[in-house]
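> quick one, what's the 3D model for this:
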Amino acid sequence: NTYIVMVTRNVLVDRDIVPLLIHSPARYIGMLGSDRRWAETKRLLLEDGLNVEDFTHIHAPIGLEIEAETPEEIAVSIMAQIIKLRRTP
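A predicted model of the protein is given here:
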């Protein structure tokens with residue numbers, strides 16, 4: 001019942017953190033950021049020796065697509081995604 005939400009502002013920080021999390025028992029790992037940022041993070045991680053399969057349970061960009069703009073709306077979209085996952089058998 002562990003849900004991890006990564007809210008960093010730096011691809012290089014993500015590069016350091018993701019390898020520590022991908023083998024955790026967390027049911028959810030979500031990463032804040034754009035599609036472009038996630039693509040760059042994946043590229044760096046693949047260069048570091050991770051496999052595409054390692055990324056299958058990472059939700060990036062994080063949250064349900066509800067056209068959220070404000071921090072409050074983004075928080076709601078993230079929690080909605082986590083609730084949806086929790087309620088799905």
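> which one is residue 19 nearest to, not counting chain neighbours?
Nearest residue to residue 19, sequence neighbours excluded (C-beta to C-beta, 6 or more residues apart in numbering): residue 50, at 6.5 Å. Placement of C-beta: from N, CA and C, glycine included.
> try residue 85
Nearest non-adjacent residue to residue 85, counting by C-beta to C-beta, 6+ apart: residue 28, 5.5 Å away.
> same deal with residue 25?
Closest to residue 25 by C-beta to C-beta, 6+ apart is residue 2, at 6.4 Å.
> kindly report the same for residue 40.
With C-beta to C-beta, 6+ apart, the residue lying closest to residue 40 is residue 11, at 5.3 Å.
> can you get me a residue count around the one you found?
16 (other C-beta atoms under 10 Å).
> how close does residue 57 get to residue 9?
Plainly put, residue 57 is 23 Å away from residue 9 if you go by C-beta to C-beta, to the nearest Å.
> how about residue 51?
26 Å.
> likewise for residue 42?
Counting by C-beta to C-beta - residue 42 and residue 9 are separated by 18 Å.
> tell me where the model's unsure across the chain.
Scanning the chain for pLDDT under 70 picks out no residues.
> now do the buried residues in the longest helix seen in the chain.
Ranked by number of residues, the top helix in the chain under DSSP state H is helix 71-87. For helix 71-87, the buried set under the neighbour-count rule, 16 or more other C-beta atoms under 10 Å, comprises 74, 77, 78, 81, 82.
> also stretch 7-15?
Buried, per 16+ other C-beta under 10 Å, within stretch 7-15: 8, 11, 14, 15.
> which members of the residues you listed are the farthest-apart pair?
Largest separation among the buried residues of stretch 7-15 by C-beta to C-beta: 8 and 15, giving 10.0 Å.
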